[in-house]
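[1] Below are the sequence and a predicted model; questions follow.
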Amino acid sequence: MGALAGRKGEIIQIDGKIVVTSGSDLTGKILPHDTNEQAFLFASGQVTKWQDISVPSDMNQSQLEAFLLEEAKRLGLSTEQPFVFRLQGHYPELHWHVVTGKKPHPITEQTGSHTTSAKNIL
């Protein structure tokens with residue numbers, strides 16, 4: 001995942017599929033991938049085999065972050081360095097933030113946060 005050049009939006013790669021959003025609307029509109037688009041910043045990782053771990057219950061963000069750190073330590077991963085993980089499941093809704101380089105909207109104070117159906121992404 002990363003930021004597009006010129007802070008025009010963000011890019012995510014999931015299982016080889018590129019997803020780009022400009023943050024131009026609050027519905028989370030996904031744009032067709034432009035092969036000429038460049039990332040200003042891009043972080044990625046490669047995993048040969050994923051380790052399946054069940055998340056025991058619904059969690060808020062801080063609970064999930066604590067759970068991920070505990071599980072990483074249990075598996076012997078260094079939590080002093082970034083590590084790759086993915087969450088799989090059925091999500092009726094997804095909230096995400098997109099940096100656009102624009103001033104915040106005067107009412108919402110948002111620069112490109114999205115709420116969208118997760119099924120619209122992949």
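    Cool, the structure landed.

[2] Could you list the low-pLDDT ranges of this protein?
    Within the chain, the ranges that satisfy pLDDT under 70 run 24-28, 94-122.

[3] My reading is that V20 lies in a strand. Confirm?
    Yes. V20 sits within a strand when classified using DSSP: H, G, I helix; E, B strand; the rest coil.

[4] can you count the residues close to it?
    If you count neighbours by other CB atoms under 10 Å, V20 ends up with 18. In this view, the C-beta of every residue, glycine as well, is placed from N, C-alpha and C.

[5] what sits against it?
    V20 sits next to 4, 9-12, 30-34, 37 when contact means CB atoms under 8 Å, 6 or more residues apart in numbering.

[6] again, only this time at 6 Å
    When contacts are counted by CB atoms under 6 Å, 6 or more residues apart in numbering, V20 is found next to 11, 31, 33.

[7] Which one of those is nearest to K73?
    Nearest to K73 among the contacts of V20 is I11, at 30.4 Å by CB to CB.

[8] I'd guess that closest one is in a strand, am I close?
    Yes. Under three-state DSSP, I11 sits within a strand.

[9] what separates it from P32, distance-wise?
    I11 is 12 Å from P32, where distance means CB to CB, to the nearest Å.

[10] Lovely, talk soon.
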